[in-house]
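**Student:** need coordinates for the below:
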Amino acid sequence: MASLALMFASCIREELPNINMDITGVSSVEGANADGIVKTTIQENGITLYADMTKADLTNLNLDVTTSKGASWSYVDVKITKTDYPYEYGGQTYMLTRIDTTVVGEISAPKDFTQTRYIKVVSAAEGLHEDDKLTQKVIDSQNSGFIGWEKDGKRSKEYVEGAHLYKIWSVDVLPAGIPVNLSFDNWASITGTEYQQPYEFVQDNKGQNIKVNVWSSTNASIALMSKTNPLVLFGARPTDDVAPVREGENKSALLLTSNDIRYTNSVQRPFLAGCCFIGEFDGSDTGALTCTHVGLPFNKMPEKLCFWYKYLPMNIEDPNSNPFGYKFTVPGIEDYIGKEDKGFIRAVLYRADGNNKWLNGESIRDVNNEDVVAYAEFVPQGKVTAYTKQEVEFKYVKQCNESDLANWKYNLALYFASSLDGFRFICGANMNEQITGSGYGKQMGTMLYIDEMEIKCK
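**Tutor:** Model (predicted):
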């Protein structure tokens, strides 16, 4: 399930007309082994490079980029602030988040990429042309947080005669390879938001632990909705209700919760599953599912997915049965109404150099996908009130090329959702009792607990 913020954004997204500030390529040069960078992704406002930590040194890495014809670029320091503002669309008011990026100053080419770096790209064409009426509109929209005007070294959100457009790109270098032990003990607050996201540690070639943000979730969506209805819970959050093998320790587990979102000024969809996956969002794709890039480079052959879990499902309600008379169209939900919810846990090994560069929230379910090599799937169902250990074997549907695997030609995807059909907005959740005054204390949706996960490999 992708961020609903992206669905809202699709209503107002426009391309910048005729003025290009794109980064078109990335290369590693002196200071890093050429084989150290195993995968590069370029998205709307950001670049992510994945490095084999046995070969690359993130504290001594030189990067070069290519840009649109005629554009110039430089490294900069930035300050990022986020503010909420109302957006009117289709008779509804949505609270969106505006991201404002202030360029603190230009810097020389950095060497240490253990932290996020930023690149400013200045357009070759100057000024606002008669046929470019959308340009300032895009600058003013919430999609343009990394875009502004620049003239004589001064930057502004408002056009002045003779100014060039500039765009800020983030640059992150992350270790390739997903940790095979996932404890869900480590959570970080996301800057400018009210939610947390889990993170992991991997070791570099010096044996030092490096924090890696490999997880994404539906929390960005919930952050928007909670502004109009505080009863909505974050779909992915830490809990101190942990597996019995770790009781008594200061540990955390992952809790995914489905939500009834009918009363959050978001009447497009009635329910939202709590979802957590390894991968990233593509901000340039406004599709509700295709914007999720599920999976990261992996160079081991998985055999089993092992974990502890609990499952507390709710029945699936008729979304049109609500005290405010809101109406929803959810294809196929009539076959689910009154039935108990089910969960979804899936791991997939797939070729990342085939026709599908990424799996997404929908294609990860397709066992016939031509690039899928192996998968492990478990569907939690029925009330499981005590933590239970589960081991799921990977089923290989195609032969894995071990040489290509060792050279990072494969991705491993992990995708967990509190509701099996949450990607179609069918979930066990009901906020009617809370809306009519029963209080904050009751479970509002299906809950899936996951703890102490291990990917056993050959």
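**Student:** could you pull out the helices for the chain?
**Tutor:** Per DSSP state H, the chain carries helices over the ranges 4-12, 134-140, 219-225, 402-406, 432-433.
**Student:** what does the shortest one rub up against?
**Tutor:** Just to be clear, that refers to helix 432-433. 260, 317, 321-323, 442 (CB atoms under 8 Å, 6 or more residues apart in numbering). In this view, the C-beta of every residue, glycine as well, is placed from N, C-alpha and C.
**Student:** tell me the least confident of those?
**Tutor:** Least confident entry in those, by pLDDT: residue 442, with 64.
**Student:** residues of stretch 232-249 that come out buried?
**Tutor:** Using 16 or more other CB atoms under 10 Å as the burial criterion, the residues of stretch 232-249 that qualify are 232-238, 242-243, 246.
**Student:** and the closest residue to residue 233 other than its chain neighbours, how far from residue 239?
**Tutor:** Spatially, and ignoring its direct neighbours in sequence, residue 233 is nearest to residue 257 (5.1 Å; CB to CB, 6 or more residues apart in numbering). From residue 257 across to residue 239, the span is 10 Å (CB to CB, to the nearest Å).
**Student:** same question, residue 429
**Tutor:** Taking CB to CB, one finds residue 429 at 18 Å from residue 239.
**Student:** and if you look at residue 217?
**Tutor:** Where residue 239 is concerned, residue 217 sits at a distance of 14 Å (CB to CB).
**Student:** for the chain, which strand is longest?
**Tutor:** strand 72-89 (DSSP state E).
**Student:** direction included, what does that one pair against?
**Tutor:** Strand 72-89 has its sheet partners listed here by DSSP bridges as strand 92-107 (antiparallel), strand 117-126 (antiparallel).
**Student:** out of those, the one nearest residue 334 is which?
**Tutor:** strand 92-107 (25.5 Å; CB to CB).
**Student:** now residue 449, nearest residue through space, not along the chain?
**Tutor:** Nearest residue to residue 449, sequence neighbours excluded (CB to CB, 6+ apart): residue 310, at 4.0 Å.
**Student:** wait, the one you found sits on residue 383?
**Tutor:** No: using CB atoms under 8 Å, residue 310 is not in contact with residue 383, being 9.1 Å away.
**Student:** tell me which of those two has more neighbours.
**Tutor:** The residue with more neighbours, out of residue 310 and residue 383, is residue 310; 21 against 10, by other CB atoms under 10 Å.
**Student:** which strand residues bridge residue 271?
**Tutor:** residue 260.
**Student:** which residues are in contact with it?
**Tutor:** Taking CB under 8 Å, 6+ apart as the test, what residue 271 contacts is 258-262, 319, 419, 422, 425-427, 429, 445.
**Student:** please tell me how far it sits from residue 324.
**Tutor:** 16 Å.
**Student:** ok, now residue 347?
**Tutor:** Here the criterion is CB to CB. By it, residue 347 lies 40 Å from residue 324.
**Student:** who's more crowded, these two?
**Tutor:** residue 347 (25 against 9).
**Student:** any low-confidence regions in the stretch 1-150 of the chain?
**Tutor:** For the stretch 1-150 of the chain, the stretches with pLDDT under 70 are 1-18, 28-35, 89-97, 129-133, 141-145.
**Student:** repeat that for 90
**Tutor:** Counting by pLDDT under 90, the stretch 1-150 of the chain has low-confidence residues at 1-22, 24-64, 69, 79-105, 109, 111-116, 124-150.
**Student:** same deal with the stretch 201-350 of the chain?
**Tutor:** Looking at the stretch 201-350 of the chain by pLDDT under 90, you get 201-234, 245-250, 261-269, 279-294, 296, 321-327, 329.
**Student:** can you show me the strands along it?
**Tutor:** Taking DSSP state E, counting those that start in this stretch as the criterion, the stretch 201-350 of the chain contains strands spanning 209-212, 215-217, 236-239, 253-257, 259-260, 271-272, 275-281, 292-294, 296-298, 302-312, 344-351.
**Student:** wait, which of those is closest to residue 151?
**Tutor:** strand 275-281 (32.7 Å).
**Student:** okay, angle between that closest one and strand 253-257 too, please.
**Tutor:** 90 degrees (axes from the mean of the first three to the mean of the last three CA atoms, to 10 degrees).
**Student:** what pairs with strand 275-281, and is each one parallel or antiparallel?
**Tutor:** Sheet pairing for strand 275-281, assigned by DSSP bridges, gives strand 215-217 (antiparallel), strand 292-294 (antiparallel), strand 410-417 (antiparallel).
**Student:** what angle sits between it and strand 344-351?
**Tutor:** 30 degrees.
**Student:** identify the residues contacting strand 275-281?
**Tutor:** With CB under 8 Å, 6+ apart, strand 275-281 has contacts from 1-3, 6, 41, 43, 48, 178, 198, 214-218, 220, 235-236, 254, 256, 291-296, 358, 361, 412-418, 422.
**Student:** right, I'll leave it there.
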